[in-house]
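**Student:** Can you look at this prediction? I've put the sequence above it.
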Amino acid sequence: MEDYVKVATSLPPTGQLPTLIGISLILGLGKGGVPGLATVATATTVLTAPSDVPGGLGYAVALMVPILTIIDVYAAYLHRAALDWNTVWVLLPTSFVGMVLGQVLDKHMTDKGARLLVGIILLGILTLRTWKDVLIYLFPHWAIRNQLSGDSKELKVEIRKEGSMDSAEAEELLDNRNQYEEDDTEQVESG
């Protein structure tokens with residue numbers, strides 16, 4: 001642990017103090033409300049943990065846990081109006097199961113294996129977050145017919161009342177959506 005503390009509290013070229021300060025800032029921005037930055041900070045923690053220090057990844061994670069705990073409590077306070085405690089109580093047991101699985105994996109996984117696992121998980125998250133956008137871009141008519149588009153909930157309800165659309169209806173809806181976007185752009189440019 002002493003080796004990691006030297007690395008974490010020293011300046012470059014051998015130390016990581018500026019990197020850790022940057023990660024902490026990104027974590028704060030993410031928990032303060034900038035979507036996705038907390039995930040970026042977590043990935044950066046894993047990627048920048050020193051590989052030449054035995055157990056360096058575990059030490060890096062252990063260093064971030066108290067910081068995350070404090071800013072998570074503050075983030076919950078900031079977002080308390082939107083916090084749904086019923087959902088929290090449903091998800092909390094799963095989080096504890098994840099913690100136990102993490103402890104089991106930690107005993108049998110090297111730092112290199114942990115980095116690979118984090119990379120796979122982050123790629124999975126990226127895939128889940130972007131697949132709809134890719135489908136909408138590549139197949140807009142199909143996306144509209146299957147209510148995958150980014151249209152308003154009200155418009156989707158109107159579509160569902162009418163049943164599924166044929167190609168002509170999808171084309172018309174797509175043209176209307178494009179017209180609304182063009183009108184919005186013109187208003188912003190003229191305003």
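**Tutor:** Ah, there it is.

**Student:** Identify the residue nearest the geometric centre of the protein.
**Tutor:** residue 36 (4.1 Å; CA atoms, centre = their mean).

**Student:** Next, the contact list for that residue, please.
**Tutor:** Taking CB atoms under 8 Å, 6 or more residues apart in numbering, we find residue 36 in contact with residue 30. From N, CA and C alone the C-beta is placed, and that goes for glycine too.

**Student:** what's the next secondary structure element after the top helix by length along the chain?
**Tutor:** Longest helix in the chain, counting residues (DSSP state H): helix 111-138. Per DSSP states H and E, the first helix or strand lying C-terminal to helix 111-138 is helix 140-145.

**Student:** and that following helix, which residues are buried?
**Tutor:** 140, 141, 143, 144, 145 (16 or more other CB atoms under 10 Å).

**Student:** if I look at the closest residue to the third one other than its chain neighbours, how far off is residue 176?
**Tutor:** Right, residue 143. Excluding the flanking residues, the one nearest residue 143 by CB to CB, 6 or more residues apart in numbering is residue 136, at 4.3 Å. Distance, residue 136 to residue 176, by CB to CB, to the nearest Å: 16 Å.

**Student:** How about residue 35?
**Tutor:** 29 Å.

**Student:** Between these two, tell me which one has more neighbours.
**Tutor:** residue 176 (12 against 7; other CB atoms under 10 Å).

**Student:** Name the helix or strand for that one, please.
**Tutor:** Secondary structure (DSSP H and E) places residue 176 in helix 167-190.

**Student:** and of the buried residues of helix 140-145, the nearest to residue 103?
**Tutor:** Checking those against residue 103 with CB to CB, the nearest one is residue 143 at 41.8 Å.

**Student:** The closest one contacts residue 133, correct?
**Tutor:** No - taking contacts as CB atoms under 8 Å, residue 143 lies outside contact range of residue 133: 9.6 Å.
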